[in-house]
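# sequence first, then the predicted structure, then my questions.
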Amino acid sequence: MGSIAFSGKAIIVKLAYRHGVDAVTLIMYRMLFALPLFLLLTWWAGRGKPALTRRDWLVVLGLGFSGYYLASFLDFAGLAYISASLERLILYLNPTLVLAFSVFVFKVRVKPMQLLALAISYAGVLLVFGQEIHLQGADAVLGAVLVFGSAVSYALYLVYSGEEVRRLGAMRLTGLATTVACVLCIAQFLILRPLSAMAVAPEVIWLSVLNATLCTFAPVLMVMLAIERMGATMTAQTGMVGPMSTIIMGVLILGEPFTPWVVAGTLLVLTGVWLLARWR
């Protein structure tokens, strides 16, 4: 349920773009409505826990900027140029990016079978990307680069959050980091846009409420509870339903093309990520 709800975010963003809103305004509304929920999560997860040290606050600020603010903004911006299906496949390359960063940061040795898994995943994305360029033109390149930047930013968050998760707990860190991101997204709007830009179509408001609750806060909790009950590996493997659900919703709700290239690319990406998780 968490994976499917996460996948719905791209569909909601694409629907909101049909009402003439830009990425800065749209992500502001999403985070504005999500902020009270994540403040509540931060309070609940921090009950009876020691206060944060100066070091903790600096780490939380950095992780919130990279993992939730920058990653979210680049993702929203990229969705203006590419399909929801390609966006989800690019984001699903995240485990491969985490492995790459682990090689450079922690000097982890990569096995030949892991390289094969990476090649399979990226071949799948390139397959769908080639079709996207054919349909969207040069804009697809910009959109793919922005979404890939989002995946890189979130991978950095995952690589560097391990120690802080052990110190603060996953729930508390998630609440704190997302609260930081909410504040940054709201501040970004106030700096870059006049207050009059808050006047948007009513549909954008309701879509943003749905995005903040069903596709942001709820899946964070569901995935965390799943990890607690069956472990990170099984949760990640179950999460493979995410790209497929995005493609199905994209076809049924957005009218995106459903071609053999999309099917083949998706199967390659899922196979590569599954093999990577298995061999790790």
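Okay, I see it.
# please enumerate the helices of the stretch 151-280 of the chain.
Using DSSP state H, counting those that start in this stretch, the helices of the stretch 151-280 of the chain run over 162-168, 170-192, 202-212, 218-238, 241-249, 260-279.
# looking at the ones you listed, which is closest to R88?
Comparing those against R88 with Cβ to Cβ, the closest turns out to be helix 241-249 (3.9 Å). In short, each C-beta sits where N, CA and C put it, glycine included.
# buried stuff in the closest one?
Across helix 241-249, burial judged by 16 or more other Cβ atoms under 10 Å covers 242-247, 249.
# and which of these is nearest A264?
The closest of these, once distances to A264 are taken by Cβ to Cβ, is I247, at 12.0 Å.
# so who does the spatially closest residue to F101 that is not a sequence neighbour touch?
Closest residue in space to F101, ignoring its immediate chain neighbours: V159 at 4.6 Å, by Cβ to Cβ, 6 or more residues apart in numbering. Contacts for V159 were tallied using Cβ atoms under 8 Å, 6 or more residues apart in numbering; they are 98, 101-102, 105.
# same thing with T178?
34, 38, 41, 64, 68, 220.
# which strands or helices does the one helix or strand the third one maps to pack on?
Just to be clear, that refers to L41. Element membership for L41, per DSSP states H and E: helix 23-45. For helix 23-45, the packing partners by 3 or more Cβ pairs under 8 Å, 6 or more residues apart in numbering; DSSP states H and E come out as helix 2-17, helix 71-78, helix 170-192, helix 202-212.
# out of those, which comes closest to G46?
The nearest among the helices and strands packed on helix 23-45, by Cβ to Cβ, is helix 170-192 at 5.2 Å.
# buried sites along the closest one?
170-182, 184-186, 188-189.
# in CSV, list the C-alpha atoms belonging to it.
Extracted C-alpha coordinates of helix 170-192, given in CSV (Å, rounded to 0.1, in the frame of the first residue of the first chain):
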residue,chain,number,x,y,z
ALA,A,170,14.0,6.1,11.7
MET,A,171,10.7,7.7,12.6
ARG,A,172,12.2,10.6,14.5
LEU,A,173,14.8,11.3,11.8
THR,A,174,12.1,11.1,9.0
GLY,A,175,9.9,13.5,10.9
LEU,A,176,12.7,16.0,11.5
ALA,A,177,14.2,15.8,8.0
THR,A,178,10.8,16.2,6.3
THR,A,179,9.9,19.1,8.5
VAL,A,180,13.1,20.8,7.4
ALA,A,181,12.2,20.1,3.8
CYS,A,182,8.7,21.5,4.3
VAL,A,183,10.1,24.8,5.7
LEU,A,184,12.6,25.1,2.9
CYS,A,185,9.9,24.6,0.2
ILE,A,186,7.6,27.2,1.8
ALA,A,187,10.6,29.6,2.1
GLN,A,188,11.5,29.0,-1.5
PHE,A,189,8.1,30.0,-2.6
LEU,A,190,8.1,33.2,-0.5
ILE,A,191,11.5,34.2,-2.0
LEU,A,192,10.8,33.4,-5.6
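# in TSV, list the contacts of T178 along with distance to V110.
Putting those into TSV (distance: Cβ to Cβ, whole Å) gives the following:
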residue	distance to V110
A34	37
F38	35
L41	36
G64	30
Y68	28
V220	30
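# contact partners for L126?
The neighbours of L126, taking Cβ under 8 Å, 6+ apart as the test, are G265.
# quick one: mean pLDDT over the helix or strand that contains it.
In this structure, L126 sits in helix 112-136 according to DSSP H and E. Averaged across helix 112-136, pLDDT comes to 82.
# starting at the chain centroid, how far to that helix?
19 Å (Cα atoms, centre = their mean, to the nearest Å).
# thinking again about what came up before, tabulate the helices and strands packed on helix 23-45 (TSV), appending mean pLDDT and distance to V60.
Formatted as TSV, those follow (pLDDT from 0 to 100; distance: least, Cβ to Cβ, whole Å):
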stretch	mean pLDDT	distance to V60
helix 2-17	90	22
helix 71-78	94	15
helix 170-192	94	5
helix 202-212	96	21
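# which one of those lies closest to V145?
Of all the helices and strands packed on helix 23-45, helix 71-78 comes closest under Cβ to Cβ, at 7.6 Å.
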